[in-house]
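In: Provided below for reference: sequence and predicted model.
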Amino acid sequence: MEAYLIAISIGILIYMLMAVGLSLHYGFTGLVNFGHVGFFAIGSYASALLSMQGVPIPLAMLGATVLTTLAAYPLGIIALRLGSDYLAIVTLGFSESVRMMLQTEEWLTRGMHGLPGIPRLFAGWVPADQIDFWIMVSLLVVNVAVFWLVTRVIRSPFGRVIEAIRDNEVAVRALGKDPARFKTRSLMLGAALAGLAGAFQAHYLTFLSPEQFVPLITFYIWIAVFVGGVNRLTGVVLGTVILVGFLEGSRFVREFLGGISEVQMASVRIWVIGMALILIVLYRPQGVLGKSTKGGQS
Amino acid sequence: MKMLEVCNVSASLGGFRALDGVSLHVNRGELLGLIGTNGAGKSTLFSAITGYVPLESGAILFDGHDISGLAVYRRVRRGLARTFQVPREFSQLSVLHNMMAAAPDLSGERLLNLFLSPRRVAREEERAAERAHELLAFLNLARVANEPAGMLSGGQKKLLELGRLLMLEPRCILLDEPFAGVNPVLIGELSDRIQELNEKGMTVLIIEHNLEELARIVARMYVMDRGRVIAEGAPRDVLAQESVREAYMGGVI
């Protein structure tokens, strides 16, 4: 039971890092990023491949985070000159291109066979049966640090401008600021968090394959952000817990009901996630627990 | 002598020729009016001057330099700023933060500075907040400083637009119907404020339908009709012209 709780906590904390990144994109900057899992994938594979070349794990994770940040830059340059609906399509295309690349570039990623034997975080440093516990603790520390950092960014003049861009980009230009610069920075920072989450994923699972990075993951994260309230960081924490609770809970539901196959249950899960997204966007676009913004037309 | 010069400018909006060879100029330190019927091209002219609408031909000179090819934000940084006919507030930010978002050259807008020089960032924030509070008091918005801007009335949003503009400390401002939706008592006060700014040396170009108020404060005005300038001169002379009467009010003034 304890091992199970630790495993769930690790899942929550990895998703939380990604959700904070997406919240920065969508909740605070208004960027509709449907390709968040692409950054997650780049971080995962980069850290895995680096560490398998003998780079120490902490450095590999750092390198992967930096690489993911840089990967977001050209995407930003191209995409941020587009309107928000185009950005949604471009980012979705981006993450799928990343996944296709992971599938086809077998010399690097072993394609569909997946990448086994990735060094585990803390292996050799702590007893083998305590590794998961320490991974959870390190994720907790990283999340707290990220929370502090992002809060600081949001409450800064930079944060004020990205929120202004979300509310009215035309007016931001009229105030002598270049929205593209701020949006690129926001995209990169959020991508970095997803990359870091990916690095943790790689050294926790020790096995990666392209099908771990399907768009469904992006939409899980969207649910977490939407449930918690799009521009409240504390809401994102709660939203992630609720999301993982739902994903895990549905497993128990199957045990209770009986007669439902795992395949059927997976479909039900996707159906519920999809319906929830549609209903929330229709009725609570600021998020289930988000601040109401009456008079916020424009 | 000339602060802003519009030279034979043409521009189209979705195939419709909204500006058709417009030429006009604003002298340094002048308070100038621009009037015309709805759809005459006044707001489009503002958008062309500030870079929101691309020119088909002609040029915009600001302070003697051709700025026709510059991005919107670069023109603003040179000291040329505008308001919008329909207010564009940052609805979820407080009124105070709307103002502070306009403060120019804050080092805290660069991510690295937040962690490398937090004291400088804090100091600049304080100064920006102080300046914002001053302007909010000047515009009678001090009472709502901490409200989300989306909650303001239409008239208050217009005042906030003007306030945000003043945070930029521009040299030349283009005001698109600053009195529309502002309550009548406040209009007099607002136009006094605009005059005050002008006396301190700011160049002002105003689009306004409130001719009475406009004629009171400007010494010279242009009249536009169907994408062209049809008259120019002192308000009394311009409004007396037959062509203006016909174009502007169907001859009823």
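Out: Alright, I've got the coordinates. Quantities reported herein were computed from a predicted structural model and do not represent experimental measurements.

In: use CA for all of it now, contacts and neighbours both
Out: Fine.

In: which stretch of helix or strand covers the closest residue to chain B within the stretch 1-150 of chain A?
Out: Proximity of the stretch 1-150 of chain A to chain B (C-alpha to the nearest C-alpha) peaks at A:L149, 9.4 Å away. In this structure, A:L149 is located in helix A:131-154 according to DSSP states H and E.

In: give me the contacts around that helix.
Out: A:6-7, A:9-10, A:13-14, A:16-17, A:20, A:28, A:121-123, A:159-160, A:200, A:204, A:233, B:111, B:114 (C-alpha atoms under 8 Å, 6 or more residues apart in numbering or on different chains).

In: and the helix or strand following it with chain B, contact?
Out: The C-terminal neighbour of helix A:131-154 among helices and strands, as given by DSSP H and E, is helix A:157-167. Yes: interface with chain B: helix A:157-167 contributes A:157-161, A:163-164, A:167 (C-alpha under 8 Å from any C-alpha of the partner chain).

In: tell me the pLDDT at the closest residue to chain A within the stretch 151-253 of chain B?
Out: As assessed by C-alpha to the nearest C-alpha, chain A sits closest to B:M151 within the stretch 151-253 of chain B, at 5.5 Å. The per-residue pLDDT reported for B:M151 equals 92.

In: got a list of what B:L24 touches?
Out: B:5-7, B:222, B:229 are the contacts of B:L24 under C-alpha under 8 Å, 6+ apart.

In: apply 6 Å and report the result again.
Out: By C-alpha atoms under 6 Å, 6 or more residues apart in numbering or on different chains, the contact list for B:L24 reads B:V6.

In: and it, what helix or strand is that in?
Out: strand B:16-27.

In: now do the buried residues in that strand.
Out: By neighbour count with 16 or more other C-alpha atoms under 10 Å in any protein chain shown, strand B:16-27 contains the buried residues B:18-23, B:25-27.

In: JSON lines for those residues, including distance to A:A192 and pLDDT?
Out: JSON lines is the format used below for the buried residues of strand B:16-27 (distance: C-alpha to C-alpha, whole Å; pLDDT from 0 to 100):
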{"residue": "B:A18", "distance to A:A192": "45", "pLDDT": "91"}
{"residue": "B:L19", "distance to A:A192": "46", "pLDDT": "93"}
{"residue": "B:D20", "distance to A:A192": "49", "pLDDT": "92"}
{"residue": "B:G21", "distance to A:A192": "50", "pLDDT": "92"}
{"residue": "B:V22", "distance to A:A192": "49", "pLDDT": "93"}
{"residue": "B:S23", "distance to A:A192": "50", "pLDDT": "94"}
{"residue": "B:H25", "distance to A:A192": "50", "pLDDT": "94"}
{"residue": "B:V26", "distance to A:A192": "49", "pLDDT": "94"}
{"residue": "B:N27", "distance to A:A192": "50", "pLDDT": "93"}
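
In: what's around A:L208, how many residues?
Out: For A:L208, the count of nearby residues is 25 (other C-alpha atoms under 10 Å in any protein chain shown).

In: residues from the stretch 101-250 of chain A in reach of chain B?
Out: A:157-158, A:161, A:164, A:167-168, A:173, A:175-177 (C-alpha under 6 Å from any C-alpha of the partner chain).

In: with neighbour count and pLDDT added, can I get these in TSV?
Out: TSV is the format used below for those (neighbours: other C-alpha atoms under 10 Å in any protein chain shown; pLDDT from 0 to 100):
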residue	neighbour count	pLDDT
A:P157	26	95
A:F158	23	96
A:V161	28	96
A:A164	27	96
A:D167	24	93
A:N168	17	93
A:R173	21	92
A:L175	26	94
A:G176	24	92
A:K177	25	93
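
In: which one of these is nearest to B:G64?
Out: For those, the minimum distance to B:G64 (C-alpha to C-alpha) is 19.9 Å, reached by A:G176.

In: and the closest residue in space to the closest one that isn't next to it in sequence, what is it in contact with?
Out: Nearest residue to A:G176, sequence neighbours excluded (C-alpha to C-alpha, 6 or more residues apart in numbering or on different chains): B:Y73, at 3.9 Å. Residues counted as contacts of B:Y73 (C-alpha under 6 Å, 6+ apart) are A:173, A:176-177.

In: swap the cut-off to 7 Å and go again
Out: A:173-178 (C-alpha atoms under 7 Å, 6 or more residues apart in numbering or on different chains).

In: quick one: which of these sit in helices?
Out: A:173-174 (DSSP state H).

In: closest to chain B among the contacts of B:Y73?
Out: Checking the contacts of B:Y73 against chain B with C-alpha to the nearest C-alpha, the nearest one is A:G176 at 3.9 Å.

In: enumerate the residues of the stretch 101-250 of chain B near chain A.
Out: Residues of the stretch 101-250 of chain B lying near chain A by C-alpha under 7 Å from any C-alpha of the partner chain: B:101-102, B:108-111, B:150-151.

In: measure the residue of the stretch 1-150 of chain A closest to chain B to A:G21 for me?
Out: Distance from A:L149 to A:G21, counting by C-alpha to C-alpha, to the nearest Å: 12 Å.

In: by contact count, what packs against the longest helix anywhere in chain B?
Out: Secondary structure of chain B per DSSP H: the longest helix is helix B:118-138. When contacts are defined as 3 or more C-alpha pairs under 7 Å, 6 or more residues apart in numbering or on different chains; DSSP states H and E, helix B:118-138 packs onto helix B:95-100, helix B:154-167.

In: give the buried residues for it.
Out: Buried residues in helix B:118-138 (16+ other C-alpha under 10 Å): B:121-122, B:124-125, B:128-129, B:131-133, B:135-136.

In: give me the below-cutoff pLDDT ranges for the stretch 51-200 of chain A.
Out: Along the stretch 51-200 of chain A, no part satisfies pLDDT under 70.

In: meant to ask about chain B
Out: B:248-253.

In: going along the chain, name the helices of chain A.
Out: Under DSSP H, chain A gives helices at A:2-22, A:29, A:36-52, A:57-79, A:84-104, A:106-109, A:131-154, A:157-167, A:169-174, A:179-205, A:215-228, A:233-257, A:262-283.

In: A:Q201 touches A:S44, doesn't it?
Out: Yes: counting by C-alpha atoms under 7 Å, A:S44 is a contact partner of A:Q201 at 6.5 Å.

In: between those two, which has more neighbouring residues?
Out: The residue with more neighbours, out of A:Q201 and A:S44, is A:S44; 29 against 26, by other C-alpha under 10 Å.

In: quick one, what contacts the closest residue to that one other than its chain neighbours?
Out: Nearest residue to A:S44, sequence neighbours excluded (C-alpha to C-alpha, 6+ apart): A:G198, at 4.1 Å. By C-alpha under 7 Å, 6+ apart, the contact set of A:G198 is A:40-41, A:43-44.

In: next, format those as JSON lines and append pLDDT.
Out: Formatted as JSON lines, the contacts of A:G198 follow (pLDDT from 0 to 100):
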{"residue": "A:F40", "pLDDT": "97"}
{"residue": "A:A41", "pLDDT": "97"}
{"residue": "A:G43", "pLDDT": "97"}
{"residue": "A:S44", "pLDDT": "97"}
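
In: which of those has the most neighbours?
Out: Compared across those, A:G43 has the highest neighbour count, 34 neighbours, by other C-alpha under 10 Å.

In: which residues touch the closest residue to that residue other than its chain neighbours?
Out: Spatial nearest neighbour of A:G43, excluding adjacent residues (C-alpha to C-alpha, 6+ apart): A:G195 at 3.8 Å. By C-alpha under 7 Å, 6+ apart, the contact set of A:G195 is A:39-40, A:42-44, A:64-65, A:68.
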